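Chemist: I would like the atomic coordinates for the input below:
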Amino acid sequence: MRREYPDITARGADVVAIGTGDGRYARSFVDDEQIPFVVLVDDDARAAHAASVRKVNVFKLLGPGTWSATRQTWKDGYRIHKSGKRVNQLGATFVIGPGAALHYEHLDDDSTDHAPLVDVLAALPIS
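Modeler: Here you go, the predicted structure:
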């Protein structure tokens, strides 16, 4: 999302990330990765519960698919940061608005699953 942020804002949209770490961790992540958008912390999982974001059991979290993806992430030059309190909390991506209209939803199936950026961008308004 960071690389596509100028295109996203050019379409009149914005990005808000919600993490599971504490405020100090979130500030460090934003600084280290030069994140240009708002990063919030969902320490008590209220946002995750409200959005029906799934959790994964420890066996799936530590399975071979995760290790393979982790190796590839390092090879591609990305850093893997410290996890938050809820290490088994999966991610999700939503395109919402204007207003309460939900235009796109992707609930991750495992820790290596993420919304295809092309699908996220396709759900944004075109200016």
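Chemist: next helix or strand past the worst-scoring helix or strand of the chain on mean pLDDT?
Modeler: Using mean pLDDT, DSSP states H and E, the weakest-scoring helix or strand in the chain turns out to be helix 64-75, at a mean of 61. Next helix or strand after helix 64-75 toward the C-terminus (DSSP states H and E): strand 92-96.
Chemist: could you say what helices and strands that next one packs with?
Modeler: strand 102-107 (3 or more CB pairs under 8 Å, 6 or more residues apart in numbering; DSSP states H and E). Where C-beta positions appear, they are placed from N, C-alpha and C, glycine not excepted.
Chemist: partners of the strand it packs on in the sheet?
Modeler: When pairs are called by DSSP bridges, strand 102-107 turns out to pair with strand 92-96 (antiparallel).
Chemist: any idea how far the partner strand is from the chain center?
Modeler: Distance, stretch centre to chain centre, for strand 92-96: 9 Å (CA atoms, centre = their mean, to the nearest Å).
Chemist: which residues of the protein score low on pLDDT?
Modeler: Residue ranges of the chain with pLDDT under 70: 58-74, 76-85, 127.
Chemist: Just want the most central residue of it.
Modeler: The centre of the chain sits closest to Gly91, judged by CA atoms, centre = their mean, with a distance of 5.4 Å.
Chemist: Surely that residue touches Lys55?
Modeler: No - here Gly91 lies out of contact with Lys55, judged by CB atoms under 8 Å, at a distance of 11.0 Å.
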